[in-house]
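Student: Build me a model:
(one chain, ligands or ions: 2)
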Amino acid sequence: MARRAPDLSSRLQGFSTTIFAEMSALAEATRSVNLGQGFPDVDGPDEVKQWAVDAILAGHNQYPPGRGIPELRRAVAGHERRCYDLEYDPEEEVLVTSGATEAVAAALLALCEPGDEVVMLEPYYDSYAACTAMAGATRRVVPLRYPDWRLDPADLDAAITPRTRLVLVNSPHNPTGRVLGRDELEVVASRCVEHDLLAVTDEVYEHLVYEGEHVPLATLPGMRERTVTISSAGKTYALTGWKIGWACAPAPLLGAVRTAKQFLTYVSGAPFQHAIARALDDGDWHERVAATLRPRRDQLADGLEALGFEVARPQGGYFVTTDVGSLGFRDGAQFCAALPGRCGVVAIPSSVFYDDAEAGRTLVRWAFCKSEQVIDDALGRLSALTA
Ligand code: PMP
Ligand code: GLN
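Tutor: Numbering: from 1, shown residues only. Ligands and ions are numbered 1, 2, ... in the order given. Okay, here's the model as predicted:
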């Protein structure tokens, strides 16, 4: 007799698929232009790819150290020092992870007890909700409201309770593209200090800033000692499949995150670590990547506007948000489900990033980390919608 498949644990109810994988599969099945999942269709620098090949041929193919290879930990510490004047000890305060995804998971599993509350910005990246649930914790959301996406201090105060353990901040932000201002981050910092909260920051889009300035929360007074700062090579080097990320934090916090990482993936891709260490040390790509993406942001935002969409132009990241209500559509999820059939384009309904479905009902997220031709093709197809 066949064994009954085990049910999902109650903590994982509602997390059985990711919208990104689902929408990419739909794009493939319908031969649509995929402006859904955020991955570039042009790889990052050839020289960085060559360094990974070199590392494989040089024999860096067995388990690397669990903390990450020393060269990459030193390179990450050097990057934090040069870019933000933040000092981390590469031995005890830097951990290499399998992308930012693992760093977020390990941080939440390591730092939260069942029953704790995690405060996060809404809309939120999907893995934050799933990992908070896996840790047995509860999410409390602070709304960022379309189209300005500003953080209202009163909303943050309302989300903090005696059970709050940590605040999870993502800036530049997915899906909105908002780069939080120093004033907003100062509010977050003041509440963390006042209530003695930990902070976890997801800064994967740190170098993809088109307007404004990326301010790491850890640089604000009182924050370095209570913050786990997370980033990744995926977005900076347009190599999202390599899955090399990192976390920086004071030794006691980092030690806890390392303990969790140890039993999630144990170690992360050896040859890629060598290539990214060289890229962070020798390359200047991180200073150029925003300049390559800004024209694509403008191309997509201008094109959607010309078609009649109401567009919130992002300050950073990979995505433009539109309110499809302006074109008479009442539901973004229905709009996105019908879009491949109507004109061969895939986008993501922003409602999947909300607890409050009403708040995001007519919002749709479009990825612009694509080539000029692909964006042109998508805009041409979309013109059928409004013709
Ligand atoms: N955080 C955010 C906000 C993201 O948008 C993404 C990926 N798109 C990740 C984390 C995952 O990063 P990685 O691929 O390095 O795991
Ligand atoms: N973060 C990317 C996005 O927002 C996708 C990564 C993933 O598929 N998990 O589209």
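Student: which residues in the protein form helices?
Tutor: For the chain, applying DSSP state H gives helices covering 19-29, 46-57, 70-84, 99-111, 126-134, 153-159, 182-194, 233-236, 251-262, 270-282, 285-306, 332-343, 372-386.
Student: wait, which of these is closest to ligand 1?
Tutor: Minimum separation from ligand 1 across those (CB to the nearest ligand atom) falls at helix 99-111, 2.4 Å. All C-beta spots, glycine's among them, are computed from the backbone N, C-alpha and C.
Student: So the closest one, near ligand 2 or not?
Tutor: No - against ligand 2, helix 99-111 shows no contacts by CB under 6 Å from any ligand atom, the least distance being 6.7 Å.
Student: and the direction of that helix versus that of helix 126-134, what angle?
Tutor: 20 degrees (axes from the mean of the first three to the mean of the last three CA atoms, to 10 degrees).
Student: what's G241 in contact with, if anything?
Tutor: Taking CB atoms under 8 Å, 6 or more residues apart in numbering, we find G241 in contact with F39, G234.
Student: The one 3 residues further on too?
Tutor: Each residue near I244 by CB under 8 Å, 6+ apart is listed here: L72, V96, S98, G99, S232, A233, G234, S268, G269, F272, Q273, I276.
Student: Give the burial count for E113, as a bare number.
Tutor: 10 (other CB atoms under 10 Å).
Student: I'd like the numbering to begin with 11 instead of 1 from here.
Tutor: All set: I'll call the first residue 11, so the last point we hit is now E123.
Student: Quick check, pLDDT for it.
Tutor: On the pLDDT scale, E123 is placed at 97.
Student: So it is in contact with G146, correct?
Tutor: Yes - counting by CB atoms under 8 Å, G146 is a contact partner of E123 at 7.3 Å.
Student: Which residue does the stretch 161-310 of the chain have closest to ligand 1?
Tutor: The nearest approach of the stretch 161-310 of the chain to ligand 1 comes at S242, 3.1 Å away (CB to the nearest ligand atom).
Student: which residues touch that residue?
Tutor: S242 is in contact with G109, A110, A113, V214, K253, I254, G255, W256, counting by CB under 8 Å, 6+ apart.
Student: now with 7 Å?
Tutor: G109, A110, V214, I254, G255 (CB atoms under 7 Å, 6 or more residues apart in numbering).
Student: for G191, same thing?
Tutor: Each residue near G191 by CB under 7 Å, 6+ apart is listed here: G222.
Student: For this protein, list the residues in contact with ligand 2, please.
Tutor: Taking CB under 6 Å from any ligand atom as the criterion, the neighbours of ligand 2 within the chain are T28, F30, Q47, G48, N184.
Student: Return the member of those nearest to A139.
Tutor: T28 (11.1 Å; CB to CB).
Student: returning to that earlier point: rebuild the contacts of S242 as TSV, extending it with distance to ligand 1 and pLDDT.
Tutor: Formatted as TSV, the contacts of S242 follow (distance: CB to the nearest ligand atom, whole Å; pLDDT from 0 to 100):
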residue	distance to ligand 1	pLDDT
G109	2	98
A110	4	98
V214	5	98
I254	7	98
G255	4	98
